[in-house]
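**Student:** Need a 3D model of the sequence below.
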Amino acid sequence: MNQARPLVPSRFVRPSIPRPGGGRDRAALVNESYEAIAEGSRSFAFASKLFDKPTRERVWMLYAWCRRCDDLADAQDKGGELGDQAGIEDRLQAIKVLTRRALEGGATADVAFDALGQVAGEAGITLDMANEVIAGFAMDANGFSPHSEKELMRYCYHVAGAVGVLMARVMFAPNDSFIYDRACDLGLAFQLANVARDVIEDAAAGRCYLPDDWLEDAGLTRENYADEDNRFALAAVSARLVDRMEMYEAASRLGAKHLRFRQRWAVLSAARIYGAIGRKVRNRGQLAWDTRTYVPWYEKLSHVVAAFGEAVTKHAPEPEQWPPYQRDDLRPVAGW
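**Tutor:** Got it, this is the predicted structure:
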């Protein structure tokens, strides 16, 4: 019986050489990434233009990967309506495989993942860092819904706080745990604003990110919180989200003052714009979900001007009250 011969390197087929971006042209990756952010997040696209050119391009490429992962996980297009959630485990596995391949310098046949490979090569993003974000998609795949505030914040950490940490990385922020913690705080603030704004839209998709104990305090349940008759009570729960958002927003400013000027200006502008979204939701009360809450361009411009002054003075007062949960309290989720 013939024994199998051991495989040996071929003289004719050479292994591919790992290259950041999967060998794609960097300028093309940047252009494709900008299109992703322009369509997926007008608020962040607006603020991102304040970065210096190298930082701006790295931010766009990082965003393109985040957007693509979110779209794959939710079977949606550029943050649009959620698609059929059947097969989510397969989509999650595809995200993991493509992310690993991109970080190893291999071509993925997907522009957004190749963009991740490019920016990871420039900024030193590791697989562990990327997996912190992917864990959030896995939580959604497993039907996550929080029982407590800490569980909500753990979810927010993985889907947004960990992205804030990656943002600090691509900005080449000083390698200081305090600065990275504050970058995480800003991501948490963004996500709390998103949860408050999208609570009814999420409910229609079968997702609830409001803690059970908060709903109970308001006399609500997972089954009835989205009913139109309960909008007054729901507005009170949403206001708690925005109150927490403001705590994380205030804490994040202490980290921004350690960034270079253009980076500081862009980050503070984004903080003000997303903070405005949350405050608009709170101010609209029970009417917050009749129409989508957004910040018009002229208000965004006013926030950019205000952020410029804040960036010049580096004025960042100590928060009156620190958020109850910090980055080290929220990671990791075992067994995701």
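
**Student:** Which residues does the helix-or-strand element of the chain with minimal mean pLDDT contact?
**Tutor:** None of the helices or strands of the chain scores lower by mean pLDDT, DSSP states H and E than helix 42-48, at a mean of 85. Applying C-beta atoms under 8 Å, 6 or more residues apart in numbering, the contact partners of helix 42-48 are 34, 37-38, 56, 59-60, 63, 266-267, 269-270, 273-274, 277, 295, 297, 300, 304. For the C-beta atoms, the positions are set from N, CA and C on the backbone; glycine is no exception.

**Student:** How about exporting it as PDB, limited to the C-alpha atoms?
**Tutor:** Extracted as PDB, the C-alpha positions of helix 42-48 are listed here (Å, rounded to 0.1, in the frame of the first residue of the first chain):
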ATOM      1  CA  ARG A  42     -23.200  61.900   8.500                       C
ATOM      2  CA  SER A  43     -22.400  63.200  11.900                       C
ATOM      3  CA  PHE A  44     -19.100  61.400  12.300                       C
ATOM      4  CA  ALA A  45     -18.200  62.100   8.600                       C
ATOM      5  CA  PHE A  46     -18.700  65.800   9.300                       C
ATOM      6  CA  ALA A  47     -16.500  65.800  12.400                       C
ATOM      7  CA  SER A  48     -13.800  63.600  10.800                       C
END
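
**Student:** Which SSE is immediately downstream of it?
**Tutor:** helix 53-74 (DSSP states H and E).

**Student:** And that next one, what does it pack against?
**Tutor:** Packed against helix 53-74, as judged by 3 or more C-beta pairs under 8 Å, 6 or more residues apart in numbering; DSSP states H and E, are the following elements: helix 26-40, helix 42-48, helix 88-103, helix 111-123, helix 127-141, helix 162-170, helix 261-284.

**Student:** And those: which comes nearest Tyr325?
**Tutor:** helix 162-170 (14.0 Å; C-beta to C-beta).

**Student:** Could you figure out how far the closest one is turned away from helix 127-141?
**Tutor:** Interaxial angle of helix 162-170 relative to helix 127-141 (axes from the mean of the first three to the mean of the last three C-alpha atoms, to 10 degrees): 160 degrees.

**Student:** other SSEs contacting helix 162-170?
**Tutor:** So helix 162-170, by 3+ C-beta pairs under 8 Å, 6+ apart, packs with helix 53-74, helix 111-123, helix 127-141, helix 177-204.

**Student:** among these, which is the most enclosed?
**Tutor:** Highest mean neighbour count among the helices and strands packed on helix 162-170 (mean count of other C-beta atoms under 10 Å): helix 111-123, with a mean of 26.

**Student:** ok now that helix, how far from the chain's centre?
**Tutor:** Relative to the centre of its chain, helix 111-123 is centred 16 Å away, using C-alpha atoms, centre = their mean, to the nearest Å.
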